[in-house]
Structures are given as structure tokens and as C-alpha cells.
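K.L.:
could you look at this predicted model? Sequence included:
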Amino acid sequence: MAERVVVIGAGITGSLVAWRLQRAGWQVTVLEARHVGAGSSSRTAAGIRQQFSTPETVVGMRFSVDFYKRFVELVGGETTPIHQNGYLFLAEGEEGAAQGRARVEMQRRCGLEDVVWLAPSETVERFPWVDGDRISGASFCPSDGFLRPEVVYNEAIAAARRAGAVVLQNAPVVDARRAGARLVAVQAGGRWHEASLFIDATNAWSPRVAAILGAADLPVAAYKRHLWFIARGGSMSARALLAMPLVIVPGGAYCRPENAGSLMAGYAHDARDDRDFDYEDQDAVEPACSHRSGTDSIAFQAWMSLAEYLPPIGEFAGITATTAGYYGTTPDHNPYLGYDPVVSNLVRLVGFSGHGAMFGPFTALVAEALAASGRDLDHLAVLDREVSLRPFRPGRKPGNAEAMVI
């Protein structure tokens, strides 16, 4: 008889983990408080990149990109969820260029062969809508891009079900039974669910779920993040907009094409830990971030920051909409992927700091290895590398923080 595992949460992380563990021979039960994809997964900017400052993450995201390219073959469905327009990080000043070149060299050592450093003139040659006089260079990786998150979580959970997984929606975990350091069962959907292994895939909800389970209070802060949609106008054609990579300008504003007539933009603005947020709070737009708040709003500041480096964006017709959601954020911006320090049969897969969608396939791979071993692992074979899992271990002391966070 297959061992039972309970996966709490059915966003991209929980759905891919459920699919992978059911396929590996576990009997999976998924407990979702609302409906599949009800949290941050359906509110994400959905970028996927391999350009990171943490070597282990570079390799992990290489795995994720390869997985998403083969998604239909591996998981099912008819739609490949990845669009590989690339990521373009613009640099400013000598220090910015030096840091960018060093990161590209490290990323190439990690097997990311298509990432390149571009001089200002090379950047403008490839991307004529960039103001070459404002930058000292740029890093570009054409195999980066963005995802269709609804395809990922819907197809993954459907594949898990086809393989025999049980998926319960509108089933929040409300209680837990422990025997010493082990979880025995959790209560959700009006009944108790016993298992030998439990997985927390609740991200920004993790602190409150941990309190119910008697688990460690890992520092996962819920930071509200906003996205704005800017209508195309001026000199940029629909074709040029659709071909744009996701662009990050100095200062933290970023943008990517949403469709032929609209640009999605975001900005790493200051935020507080909204630890006690309700489900409905996800979509609440803070007044200072609303596009309806005039030229003093953070929305307008983000647009103007983009226009400084990408002049045609300044010609666009205006911001038409604002959306919001939560990042589940750790102090060092690396996720927790490992066994809980207090509850010995609970795996924590949380704190993705805005990178949960891109981490999803790698996270599921790690989860399968952790489930098979029954303990934390120091290393894992990923593609052509041995990847250290220590930077992701719950209970670690923050050390080498991820620097490429937007």
C-alpha cells in the first residue's frame, strides 16, 4: 500500500508537488483552502528567469525552464506555458556594469550558456527602444521569459488527479494531531486526514498554517505587490511590444508585454508585513499604488522610471488597471525547501519572495527527493550538476542573500 502524503495548498507549488509525488508512488491528498490557484499563483507577473546571483538557483531555474518547455510532454494538456522572450537587466554606472559582468560569468559557469553581457551600443542594436546613453550595459538571456500560470496549476492538478491523487477544495486546515515530534493527521473539510508525510505549500499563508501544525515560525513576511497595465501608444508598434523581453531598469521597475496593446509593469516599492491578511485582501489596491491616485502615485513613478530608460514607454496612452497580490518573502530572498526544524515529518516549501512560479518545477523535484529520503539533503543532482540545498534549508541563518530581486 502506498504511503500517504498530505499537500497543503494548491497553487503552482502544491499542484506540481502533488503531480510529482503521485507519479512517484505516493498516495497524495491535496487540501486547498479555497480553489486551485486561488492565492498568489493567479496574481503573479509570471516571469521565469535563470539570471540570479545564487549559483544554486541558477541551476535550479535551468531545470525549471527545461521542464516548462517540455510541459505538455511531461504533464499533459495542449498548451506550452512558457513564452521565451528573454529577460534584459539594464545596468547603470561603472559599478553596475562590473557587477553585471561578474554575474554573467558566474551564470555561464553554472551552465547558463546563452546569457550574455551587452555593451550599451550592442543593447541598442538589439533593442532600439532602450536609451543607450542612460546605461552602462545589460545582461540578456533569451531563454528566460514568462509563464501562463493558470495552465501550470490547472494542468498539473488535473494530471495528479488522473494519476490517483485526491484534491479537496474549500478545505482549509483547521486543526492537527501530533505524536511527539511527528504530525499524525490534519483536520480539513470536516474530516481528519492521516499521513506519514505532510507538505506545507502555502507560501504567504505559511505562518498561520505553521501555528496550527505546531511547526517552526519561519520568517515568511506577506508583502503586498502591485502590477499596472499601460496601454500602448506613440511610436512603438504592436509587433515591437509583443517581441519585448521582460526588462528591469535601474531602481527596480520592470515591464513585459501583456498583449499587443498593453504593457505589464511592476516596481519593488516599500511594503510592510501584512501577516494577518484575509483572502479578500489579496486584491485590495493600496491608495498610494493605485493608477487613479494621480502623478504622485507609485504607479506613475514606476511608469516614469521605465520611461527614463525606455523612452517609447513614456509615449504610451496611460495606465488602465492596477492589480495586487502577496509575495511570501524571506529575509535573504531564498525559499525554504526542507524539513521543518520542529515537526520531523513536515516539509516546508515556502517563502519564494516572488519567484514561486519559476521555482515550481525545481521545488517539486526537491520535494520528491526529500520525501524519498525522509530527511534533509545536502546536495541533489540537477541536470548536469550537484546542487547544494543548504541555501534553502529551513532554520538556516541568513547568509548569502539573493541580490537579483524585483
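P.N.:
Everything's here; your move.

K.L.:
show me where the stretch 51-200 of the chain has strands.
P.N.:
82-83, 87-91, 116-118, 137-141, 145-147, 166-168, 173-179, 182-188, 191-194, 197-200 (DSSP state E, counting those that start in this stretch).

K.L.:
quick one: which of these is nearest residue 32?
P.N.:
strand 166-168 (6.7 Å; Cβ to Cβ). (Glycine included, C-beta is placed from N, CA and C.)

K.L.:
the closest one packs against which elements?
P.N.:
Applying 3 or more Cβ pairs under 8 Å, 6 or more residues apart in numbering; DSSP states H and E, one finds that strand 166-168 contacts strand 27-31, helix 149-162.

K.L.:
any idea of the mean pLDDT for that strand?
P.N.:
Across strand 166-168, pLDDT averages out at 99.

K.L.:
now swap in stretch 20-37 and tell me
P.N.:
99.

K.L.:
swap in stretch 382-396?
P.N.:
96.

K.L.:
give me the distance between the two termini of stretch 44-59.
P.N.:
End-to-end distance for stretch 44-59: 22 Å, by Cα to Cα, to the nearest Å.

K.L.:
same deal with stretch 18-28?
P.N.:
Across stretch 18-28, first to last residue, Cα to Cα, it's 6 Å.

K.L.:
list the contacts of that stretch.
P.N.:
Contact partners of stretch 18-28, identified using Cβ atoms under 8 Å, 6 or more residues apart in numbering, comprise 1-7, 10, 30, 75, 156-157, 159-160, 163-167, 197, 364-365, 367-368, 371-372.

K.L.:
could you do stretch 306-323 as well?
P.N.:
Residues contacting stretch 306-323 (Cβ under 8 Å, 6+ apart): 43, 90, 129-131, 134-135, 226-236, 247, 249-250, 253-255, 262-263, 265, 283, 285, 289-292, 299-300, 303-304.

K.L.:
list the buried residues in it.
P.N.:
Buried residues in stretch 306-323, defined by neighbour count with 16 or more other Cβ atoms under 10 Å: 306, 307, 309, 310, 311, 312, 313, 316, 319, 321, 322, 323.

K.L.:
and the helices and strands packed on strand 166-168: which comes nearest residue 336?
P.N.:
strand 27-31 (19.3 Å).

K.L.:
sorry, back to before: go through the contacts of stretch 306-323 and flag which are in helices.
P.N.:
299, 300, 303, 304 (DSSP state H).

K.L.:
would you mark the buried spots in stretch 262-275?
P.N.:
Quick answer for stretch 262-275 (16+ other Cβ under 10 Å): 262, 263, 264, 265, 266, 267, 268, 269, 271, 274.

K.L.:
export the residues you listed to JSON lines and tack on distance to residue 204 and pLDDT?
P.N.:
Listed next are those as JSON lines, based on distance: Cβ to Cβ, whole Å; pLDDT from 0 to 100:
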{"residue": "262", "distance to residue 204": "27", "pLDDT": "98"}
{"residue": "263", "distance to residue 204": "26", "pLDDT": "98"}
{"residue": "264", "distance to residue 204": "21", "pLDDT": "99"}
{"residue": "265", "distance to residue 204": "22", "pLDDT": "99"}
{"residue": "266", "distance to residue 204": "17", "pLDDT": "98"}
{"residue": "267", "distance to residue 204": "19", "pLDDT": "94"}
{"residue": "268", "distance to residue 204": "17", "pLDDT": "86"}
{"residue": "269", "distance to residue 204": "17", "pLDDT": "87"}
{"residue": "271", "distance to residue 204": "12", "pLDDT": "91"}
{"residue": "274", "distance to residue 204": "9", "pLDDT": "95"}
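
K.L.:
and of these, the nearest to residue 192?
P.N.:
Nearest member of these to residue 192, counting by Cβ to Cβ, is residue 274, at 31.0 Å.

K.L.:
quick check: closest non-adjacent residue to that closest one.
P.N.:
residue 222 (4.8 Å; Cβ to Cβ, 6 or more residues apart in numbering).

K.L.:
check what pLDDT that neighbour gets.
P.N.:
For residue 222, the predicted pLDDT is 98.

K.L.:
quick check, it in contact with residue 272.
P.N.:
No. Contact status for residue 222 versus residue 272: not in contact, 9.2 Å apart, counting by Cβ atoms under 8 Å.

K.L.:
which residues does residue 396 contact?
P.N.:
By Cβ under 8 Å, 6+ apart, the neighbours of residue 396 are residue 390.

K.L.:
from the contacts of stretch 18-28, keep the buried residues only.
P.N.:
Here, 16+ other Cβ under 10 Å leaves 4-7, 10, 30, 75, 156-157, 159-160, 165-167, 197, 364-365, 367-368, 371 buried among those.

K.L.:
domain boundaries for the protein, per the record?
P.N.:
By the assignment in automatic domain parsing, the chain contains the domains 4-76+148-220+331-392, 86-142+221-329.

K.L.:
give me whichever of those is most buried.
P.N.:
Ranked by mean neighbour count, the domains of the chain are led by domain 4-76+148-220+331-392 with a mean of 21 (mean count of other Cβ atoms under 10 Å).

K.L.:
run the chain-centre distance for that one.
P.N.:
12 Å (Cα atoms, centre = their mean, to the nearest Å).

K.L.:
which stretches of this protein have low pLDDT?
P.N.:
By pLDDT under 70, the chain has no low-scoring segment.

K.L.:
measure residue 178 to residue 343 for me?
P.N.:
Here residue 178 is placed at a distance of 7 Å from residue 343 (Cβ to Cβ, to the nearest Å).

K.L.:
need the residues touching each of these two.
P.N.:
With Cβ under 8 Å, 6+ apart as the test, residue 178 and residue 343 both reach residue 214.

K.L.:
if you count contacts, what does the helix or strand hosting residue 361 end up packed against?
P.N.:
Using DSSP states H and E, residue 361 sits in helix 356-373. When contacts are defined as 3+ Cβ pairs under 8 Å, 6+ apart, helix 356-373 packs onto helix 12-23, strand 47-48, helix 55-69, helix 149-162, strand 197-200, strand 336-339, strand 346-350, strand 379-382.

K.L.:
the first one vs strand 27-31, what angle?
P.N.:
With axes from the mean of the first three to the mean of the last three Cα atoms, to 10 degrees applied, the angle from helix 12-23 to strand 27-31 works out at 160 degrees.
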